[in-house]
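**Student:** I would like the atomic coordinates for the input below:
(2 chains)
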Amino acid sequence: GESVGLHLPTLSVQEGDNSIINCAYSNSASDYFIWYKQESGKGPQFIIDIRSNMDKRQGQRVTVLLNKTVKHLSLQIAATQPGDSAVYFCAEGMGTGGFKTIFGAGTRLFVKA
Amino acid sequence: NAGVTQTPKFQVLKTGQSMTLQCAQDMNHEYMSWYRQDPGMGLRLIHYSVGAGITDQGEVPNGYNVSRSTTEDFPLRLLSAAPSQTSVYFCASSRGGARVKDTDTQYFGPGTRLTVL
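**Tutor:** As a prediction, this is how the structure comes out:
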């Protein structure tokens, strides 16, 4: 079976509730951050990104918040659905052109129907 | 477009064997990268390429070779497989080129699950 993510932190939410996934970063010079979603057996998929000159960015049902003071990112998913169940990674985009991305360890989101 | 494709999906090797993981993209992307993902961890960069004929090392390059003879293909070679190379390998591509932006994101393939015995 799939063993990637076996020891990841897990967030369990009820279908329809809002989910908040948190991420801390260490490099205060980082200026571009991305959230990826990884479903079982698949590669990471882009969800939303944010530059360091912004505090908040909204997409469809997702919002990313950036707090540069404490070097913290969060991903908020509104009205969580069973299809949102996956591992979520925050990542720092390094190098112009998106060829070098530094990934965090990830959080597994489990949505209860 | 098929996007980023990887073959094989699964592979089992014995220690000391060599093999090549294939990666291809049909989006005319200049930039391509290889990552490995170990249990409980995020992806770590092995090698990357910013165009045909140009490659460079990432965070964990030891034991791997790459080449980029065409824009479309970016194979990863394991020279002498070791159990520590048991992992899931992902190839990714991003636009790059003359219109490159620092916010260009990567598109990932489905991965190759490699076990080295």
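**Student:** the closest residue to residue A:11 other than its chain neighbours: neighbour count?
**Tutor:** Sequence neighbours aside, residue A:109 is the residue nearest to residue A:11 in space, at 5.2 Å (criterion: CB to CB, 6 or more residues apart in numbering or on different chains). In this view, the C-beta of every residue, glycine as well, is placed from N, C-alpha and C. Residue A:109 has 21 neighbours, counted by other CB atoms under 10 Å in any protein chain shown.
**Student:** what of residue B:6?
**Tutor:** Neighbours around residue B:6, by other CB under 10 Å: 21.
**Student:** report the rounded mean pLDDT for the one helix or strand the residue nearest to residue A:11 maps to.
**Tutor:** If you go by DSSP states H and E, residue A:109 is part of strand A:107-112. Averaging pLDDT along strand A:107-112 gives 95.
**Student:** need the residues that contact that strand.
**Tutor:** By CB atoms under 8 Å, 6 or more residues apart in numbering or on different chains, the surrounding residues in contact with strand A:107-112 are A:5, A:8-15, A:19, A:21-23, A:77, A:80-82, A:84-88.
**Student:** can we see that at 7 Å?
**Tutor:** A:5, A:8-15, A:19, A:21, A:80-82, A:84-88 (CB atoms under 7 Å, 6 or more residues apart in numbering or on different chains).
**Student:** could I get the buried residue list for it?
**Tutor:** Buried residues in strand A:107-112, defined by neighbour count with 16 or more other CB atoms under 10 Å in any protein chain shown: A:107-109, A:111.
**Student:** centre of the chain to it, how far?
**Tutor:** The chain centroid and the centroid of strand A:107-112 are separated by 12 Å under CA atoms, centre = their mean, to the nearest Å.
**Student:** direction included, what does it pair against?
**Tutor:** strand A:10-14 (parallel), strand A:86-94 (antiparallel) (DSSP bridges).
**Student:** helix or strand for the most centrally placed residue in chain B, just tell me which one.
**Tutor:** The centre of chain B sits closest to residue B:34, judged by CA atoms, centre = their mean, with a distance of 2.6 Å. Per DSSP H and E, residue B:34 falls inside strand B:31-37.
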